[in-house]
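Undergrad: kindly return the folded structure for what I paste below:
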Amino acid sequence: MSGDQFLWQLRTITKKIENKKREAVLWREIAEGLGQSTEGERVQSSGSPDRMAEAISRAVDYERAAEAMTWELINLQHEVILMIDGMGNENHSLILSEYYVHGMSLQEISHEWERSVRHIKRVKREAVAEFSEKYSDRIKKAENVTACHL
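TA: All right, here's what the predicted structure looks like:
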């Protein structure tokens with residue numbers, strides 16, 4: 001695992017949480033739709049309880065998975081922030097924090113720093129190299145933990 005891959009986990013987990021939350025909302029909407037159906041002016045009080053229960057169960061499963069992943073993200077963010085704060089070059093710390101922790105794009109950072117995107121890419125590449133060198137042991141340890149989970 002490279003330093004970039006280690007840091008990229010923050011964005012990956014964030015995206016997975018968003019997906020789980022979307023799925024939970026979808027299953028809740030399906031459950032609500034199964035609970036109410038209209039037929040002209042007559043209102044049918046209930047759909048299939050088994051299908052509704054299954055939809056609710058799936059929504060709850062996705063919500064629980066999102067919550068567990070949120071705690072995983074919080075712990076990883078805390079660790080990464082401490083690692084980034086321990087770097088020597090302040091610009092490197094700042095760019096890694098803005099890009100990986102706060103999810104800013106290189107274009108947004110470029111605009112904020114009033115520098116070209118090309119310059120920002122170069123600084124990010126240097127920052128990742130410094131991070132990788134400084135924390136190579138921690139990155140290797142994370143790689144081993146990830147391999148055990150597969």
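
Undergrad: give me the buried positions along stretch 94-106.
TA: Neighbour counts over stretch 94-106 (16 or more other C-beta atoms under 10 Å) mark 94-101, 104, 106 as buried. Every C-beta, even on glycine, is put in place using the N, C-alpha and C of the backbone.

Undergrad: could you say which helix or strand contains the nearest residue to residue 30 once chain neighbours are set aside?
TA: Take residue 30 and drop its neighbours on the chain: the residue closest to it by C-beta to C-beta, 6 or more residues apart in numbering is residue 55, 4.5 Å away. Taking DSSP states H and E as the criterion, residue 55 maps to helix 49-85.

Undergrad: what do you get for residue 115?
TA: Using DSSP H and E, residue 115 sits in no helix or strand.

Undergrad: so what's the residue count around it?
TA: Using other C-beta atoms under 10 Å, residue 115 has 13 neighbouring residues.

Undergrad: mean confidence for stretch 82-94?
TA: Across stretch 82-94, the average pLDDT comes to 94.

Undergrad: buried residues in that stretch, which are they?
TA: So stretch 82-94, judged by 16+ other C-beta under 10 Å, has buried residues 83-84, 87, 92-94.
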